[in-house]
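Student: Build me a model:
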Amino acid sequence: MSYVEVPGAKVPIRLWTDPSTVDAGAMQQLRNTATLPWIKGLAVMPDVHYGKGATVGSVIAMQGAVCPAAVGVDIGCGMSAVRSSLTANDLPGDLSRLRSKIEQAIPVGRGLHRDAVDPGRLYQFPTAGWEDFWSRFDGITESVKFRRERAGQQMGTLGSGNHMIEVCLDQSGSVWLMLHSGSRNIGKELAEHHIGVAQKLPHNQGLVDRDLAVFVSDTPQMADYRNDLYWAQEYAKYNRAIMMALLKEVIRKEFRKAKVTFETEISCHHNYVAEEQYEGMDLLVTRKGAIRAGRGDFGIIPGSMGTSSYIVKGLGNEKAFNSASHGAGRRMSRSAAKRHFTVRDLEEQTRGVECRKDSGIVDEIPAAYKPIEQVMAQQQDLVEVVAKLKQFICVKG
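Tutor: All right, here's what the predicted structure looks like:
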């Protein structure tokens, strides 16, 4: 489908979904966003749902301003994927050992590495810029009480919620590695700090929703936020890269005889800010639960832990600010999912997937998410499908 336009106060709201299916809370958030004085455009992806501060699945283009809540508290959260030389014929009948080895190599939940991972020992890890990245740590906001030691130990860890590591098959039988994570606790603390700062600024006192507080250009607060924001986005990218290197290490060891090789990795943020130009204007584009889908850009759109995921290539639709959805999108809150579903439901909906099947992840049950096939059908003018993947191992936090 193409988009449907709904009137907004300052700009129209372009929705790549049926407006009647958007829950009332999310629609009100979108209307509130469209009142911001600095806004130049608002595109809404088919996985749209209510979010903290700003709507998940929204792409907001502003001139001279950025809203930290429209980036999200997991700054730089995103996906990475890579195709291997393994095929379905190489896989063992019992996948539990492989899942266990992955969980041993990559801490999940609130876990962290006992010692920071040395990227120099990781096979073919691109270490260029690594030392410069950490040298900038001392320049991030001093009021964030987070020790560098802990930030280092959390680098290369998964986290919890919908973060995951999957081993998948594409339709040709090739094995893919895929993972989803962000900037861990350091990104969260930086985001929450700056949202608090923004809410106290005088120019934000008349907004219809204080959670949409912005920083404006040429102010020290904006400079501080952008410094910390870009650092946290890099942290998230490195975090995924290190996890992927650790995951590759597990695969090479477990399939030593196969002499596994890997193609070029695909990596994309879906909670971030980018400087882009549209209609001759220099804009700050925030994507919260959306990926960049400029013409030729590779991206990853995952389903839930029991459904398909997609490797895509962007079509460069400027009406959507060169964007696409970041996944299936929740149709049910975590608390509602826990009330509605049981462990038996989880077992049934993840049949054939080697994964946790316990009460701790019932909120991640596939039925709590929108159907990924429907989401993909609604954005055929945004991306083209390169590969369709189905997981056979899923590691959750």
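
Student: Quick check: beta-bridge partners of the residue nearest the centre of the chain?
Tutor: The centroid of the chain falls nearest to G78 when counting by CA atoms, centre = their mean (3.0 Å). Assessed by DSSP bridges, G78 has beta-bridge partners S181, H269.

Student: now F298
Tutor: F298 has these beta-bridge partners by DSSP bridges: K313.

Student: so who does the residue nearest to the centre of the chain touch?
Tutor: Taking CB atoms under 8 Å, 6 or more residues apart in numbering as the criterion, G78 is in contact with 180-182, 236-237, 240, 267-272, 291, 326. All C-beta atoms are positioned from the backbone trio N, CA, C, and that covers glycine.

Student: Would you mind putting these into TSV with neighbour count, pLDDT and distance to N32 alongside?
Tutor: Output for those, formatted as TSV (neighbours: other CB atoms under 10 Å; pLDDT from 0 to 100; distance: CB to CB, whole Å):
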residue	neighbour count	pLDDT	distance to N32
H180	25	98	28
S181	28	98	29
G182	28	97	25
A236	24	98	27
K237	20	97	31
R240	27	98	32
S267	19	96	32
C268	24	97	27
H269	24	97	24
H270	30	97	22
N271	27	97	19
Y272	27	97	21
I291	28	98	24
H326	28	97	21
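
Student: Out of those, which is nearest to D358?
Tutor: Here the nearest of these to D358, counting by CB to CB, is H180; it sits at 19.9 Å.

Student: That closest one against G161, yeah?
Tutor: No. The criterion here is CB atoms under 8 Å, and H180 misses it with G161 at 9.5 Å.

Student: Point out the other helices and strands that the helix or strand harbouring L169 packs with.
Tutor: L169 is part of strand 164-170, with elements assigned from DSSP states H and E. Applying 3 or more CB pairs under 8 Å, 6 or more residues apart in numbering; DSSP states H and E, we find strand 164-170 packed against helix 96-105, strand 174-181, helix 220-254, strand 383-396.

Student: mind running it again at 6 Å?
Tutor: On a contact count with 3 or more CB pairs under 6 Å, 6 or more residues apart in numbering; DSSP states H and E, strand 164-170 meets strand 174-181, strand 383-396.

Student: Turn the ones you listed into CSV, columns for distance to V4.
Tutor: Shown next, in CSV, are the helices and strands packed on strand 164-170 (distance: least, CB to CB, whole Å):
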stretch, distance to V4
strand 174-181, 29
strand 383-396, 18
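
Student: thinking again about what came up before, and the residue nearest to the centre of the chain, how far from L179?
Tutor: G78 sits 10 Å away from L179, going by CB to CB, to the nearest Å.

Student: got it, and R287?
Tutor: Counting by CB to CB, the separation of R287 from L179 is 19 Å.

Student: what about those two, which has more around it?
Tutor: Ranked by neighbour count (other CB atoms under 10 Å), R287 and L179 place R287 first, with 31 against 27.

Student: neighbours around the nearest residue to that one once chain neighbours are set aside, how many?
Tutor: In this structure, R287 finds its nearest non-sequential neighbour in V59, 5.3 Å apart by CB to CB, 6 or more residues apart in numbering. By the criterion of other CB under 10 Å, V59 has 24 neighbours.
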